[in-house]
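1. Here is my input, please return the structure:
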Amino acid sequence: MAPPAGDTGGRDDDAPERQDLPDWVKSLGLPAEAAEAIDRYWKPVWEALGGDLKLLPAHARREPAFPPPEGAEQIAFEAVEELVPGEKWRARFEAMWPAYRAWYLQEGDAARPDYPTCRRELERHMPELMPTYERLLELAGGGDVAARMLSLWRPPGFIVGCSQAAWTRDVPMLVRNYDYPASRLEGVVYLTAWTGRRVLGMSDCLWGLLDGVNDAGLAVSLTFGGRRDVGEGFAIPLVVRYLLETCDTVAAAREALARIPVHAPQNLTLLDRSGAHVTAYVGPGRPVEFHDVPATTNHQGRVEWPEYARAIRTVEREECLLTLLGDESMARERFIAAFLEPPLHNTNYARGFGTIYTAAYYPADGRAEYRWPGFTWEQALDRFEESEHVETFAEETRAA
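-> This next block holds a predicted model:
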């Protein structure tokens, strides 16, 4: 029975609420290193960073056949083939639209650009996507807000945390970890041919991609660039989609990136079947930078958001990647395995910074591997199997 109004139910009036507990403990006069450890290991990453940038929306999921353990999260990853946008996309839109609509309008309708602006910018910068955009609007049932959101022109800013690297010895391979709250991943591996070209990748923002490969032999992966800036431009998942729909090589993708505005700082790693690769730093307020470096995490050459960098250990992870790539004795399979181990692999799921999947893309073969500890899910452009894989994410247990 709840205590009556004004009754604390035996609780000390000075005891902190759960969400205030880390700050309360720090107020007891702990050494600086202990206080820093609390910020690092107790508060959720995104909560500790405050309201600088937001997360993508949480998605409703069907009840699992076998519920996860208490405190754990579960994703039923789906492999979906739909070469032309149709009923499968419509069903996903209807399921996810309420969350995406709320996310898109979180700052109020007036904060988002109007439909004529959104359409004009998409047609100006990515005209090849216009037939697909029109088809998606039809499937979505029209509507002003849906049309604006699907353009992905100047949506709310959002952050992700990832590690990615291009392996260029023997068989070219792009490997990435996606670190994020599990509830906010769509979890759909999508095979499409929307512009006539086959594209395989992890879906995001309803028709964008977090990473993927195309039938010309180009692979692309994204990660947040570690700055707070938000400005004019497109959300990066649509840019990844555009590159894979229209570009054959890293050189062609560089040309496209040089002219497409991106609304928030992002890093892209690109690799093609020849082994050519590049890391691109894109975002508002600066011209795109191209670097002949095969790995990136969550900063653009230098740390510009120290609190974020410390919270997600971006420098440590990048140094790890470069050390692995610089080891001449490193074998390809061992390199992939390193993405499933600390410091690249994170199990801080309660803090919102756990590794949700590892992906390895082979552009010469048009093949993808999605990996978790103990399981590998293979898909390919010419051998795609509609299927499902259920993965459970539980917070690591720390020794007492």
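
2. which stretches of the stretch 101-250 of the chain form strands?
-> With DSSP state E, counting those that start in this stretch as the criterion, the stretch 101-250 of the chain has strands at 161-167, 173-179, 188-192, 199-204, 208-214, 218-224.

3. and the residue nearest to Gly201 when sequence neighbours are not counted, how many neighbours?
-> Take Gly201 and drop its neighbours on the chain: the residue closest to it by Cβ to Cβ, 6 or more residues apart in numbering is Gly212, 2.2 Å away. For every residue, glycine as well, the C-beta is placed using N, CA and C. Gly212 has 29 neighbours, counted by other Cβ atoms under 10 Å.

4. Next: Ala72.
-> By other Cβ under 10 Å, 14 other residues sit near Ala72.

5. Over to Ile336?
-> Other residues close to Ile336 by other Cβ under 10 Å number 18.

6. Can you tell me how far it is from Tyr349?
-> According to Cβ to Cβ, to the nearest Å, Ile336 stands 22 Å off from Tyr349.

7. What of Ala364?
-> Ala364 sits 34 Å away from Tyr349, going by Cβ to Cβ.

8. between these two, which one's more packed in?
-> More crowded of Ala364 and Tyr349, by other Cβ under 10 Å: Tyr349, with 23 against 16.

9. Can you list phi and psi of the closest residue to Asp365 other than its chain neighbours for me?
-> Closest residue in space to Asp365, ignoring its immediate chain neighbours: Ala380 at 7.0 Å, by Cβ to Cβ, 6+ apart. Here the main-chain torsion angles of Ala380 (degrees, to the nearest 10) amount to phi -150, psi 160.

10. Identify the bridge partners of Ala380.
-> Arg367 (DSSP bridges).

11. give me the number of residues near it?
-> Look at Ala380: counted by other Cβ under 10 Å, it has 17 neighbours.

12. Could you give the secondary structure assignment for Trp97?
-> Using DSSP: H, G, I helix; E, B strand; the rest coil, the secondary structure recorded for Trp97 is helix.

13. Against Pro343, how distant is the residue nearest to Trp167 when sequence neighbours are not counted?
-> Nearest non-adjacent residue to Trp167, counting by Cβ to Cβ, 6+ apart: Met173, 4.3 Å away. In this view, Met173 and Pro343 are 21 Å apart by Cβ to Cβ.

14. of the two, who's got more company?
-> Taking other Cβ under 10 Å, Met173 and Pro343 do not tie; Met173 has more neighbours (24 against 13).

15. Show the pLDDT at that one.
-> pLDDT, Met173: 98.

16. now the helices: where do they sit in the stretch 1-150 of the chain?
-> 21-26, 32-41, 45-48, 87-104, 115-125, 130-140, 144-151 (DSSP state H, counting those that start in this stretch).

17. of all those helices, which lies closest to Ala79?
-> helix 87-104 (11.4 Å; Cβ to Cβ).

18. in the closest one, what counts as buried?
-> For helix 87-104, burial by neighbour count (16 or more other Cβ atoms under 10 Å) applies to 88-90, 92-93, 96-97, 99-100, 103-104.

19. Tell me if I'm right that Tyr357 and Tyr370 touch.
-> Yes. Counting by Cβ atoms under 8 Å, Tyr357 touches Tyr370, with 5.4 Å between them.

20. intersection of neighbour lists for the two?
-> Shared contacts of Tyr357 and Tyr370 (Cβ atoms under 8 Å, 6 or more residues apart in numbering): 77, 202.

21. Neighbour count: these two, which is higher?
-> Taking neighbours as other Cβ under 10 Å, Tyr357 and Tyr370 compare with Tyr357 leading, 24 against 21.

22. what residues are up against that one?
-> Residues in contact with Tyr357, defined by Cβ under 8 Å, 6+ apart, are 77, 177-178, 185, 202, 370-372, 391.
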